[in-house]
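Novice: have a look at this fold, sequence not included:
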């Protein structure tokens, strides 16, 4: 980890704590805890021709503290865990060069969600910036990347909030980690518990 990377991570952590302290003084339309689980997946960030594209799967879980500023805009500090690995059954054509990725990591950060304020089925999109802490491996025809430690990621999700109170949600969530050529994520199902 170089000096600039350490500085960025210190600034990020300081910003996150400052944001949490500022938010405590705000008045929110609603507060909730959201728990989601799903089928985790890891994929290579780059693509090549004539290569077997192998993704790895596993388990994904995430918790979010939901802070609703309006009916359509929420702040969602989050923390979670993902683990993915490959097996011999993943190798379809042993004649082609191939790549694969695997990870076991905890992740944390702040993100924001914009959702359509319509009843029963409301589409949403969300993004933010966070850190992943764990073990990462990326294999391809040009290089092998192995890292244990902290890497930055950009979370991005799309999905639907469902129900009269929009307590359920289903969606695709991803963590883009370009410095290790990985994209981790899941198809996840979540449930929100209101705190008001």
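Specialist: Yep, that arrived. Worth saying up front: this structure is predicted, and the values here are computed from it rather than measured.

Novice: tell me the bridge partners for the residue sitting nearest the centre point of the chain.
Specialist: By Cα atoms, centre = their mean, the mean C-alpha position of the chain lies nearest to residue 175, the distance being 3.9 Å. Assessed by DSSP bridges, residue 175 has beta-bridge partners residue 155, residue 184.

Novice: residue 146 too?
Specialist: Bridge pairing for residue 146 - DSSP bridges - gives residue 137.

Novice: how about it, what does it touch?
Specialist: Counting by Cβ atoms under 8 Å, 6 or more residues apart in numbering, residue 146 makes contact with 136-138. Where C-beta positions appear, they are placed from N, C-alpha and C, glycine not excepted.

Novice: after the lowest-mean-pLDDT helix or strand in the chain comes which helix or strand?
Specialist: Least confident element among the helices and strands of the chain, by mean pLDDT, DSSP states H and E: strand 52-53 (a mean of 52). The helix or strand immediately downstream of strand 52-53 is strand 56-68, counting by DSSP states H and E.

Novice: mind listing what that following strand pairs with, with the direction of each?
Specialist: Sheet pairing for strand 56-68, using DSSP bridges, gives strand 30-44 (antiparallel), strand 73-75 (antiparallel), strand 78-85 (antiparallel).

Novice: elements contacting the helix or strand following the last one?
Specialist: Beyond strand 78-85 on the C-terminal side, the first helix or strand identified by DSSP H and E is strand 98-109. Taking 3 or more Cβ pairs under 8 Å, 6 or more residues apart in numbering; DSSP states H and E as the contact definition, the neighbouring helices and strands of strand 98-109 are strand 30-44, strand 52-53, strand 56-68, strand 78-85, strand 130-139, strand 144-163, strand 182-194.

Novice: any idea which of these scores lowest on pLDDT?
Specialist: Mean pLDDT values for these show the minimum at strand 52-53, a mean of 52.

Novice: buried sites along stretch 134-148?
Specialist: Neighbour-count burial for stretch 134-148 flags 134, 136-140, 147 (criterion: 16 or more other Cβ atoms under 10 Å).
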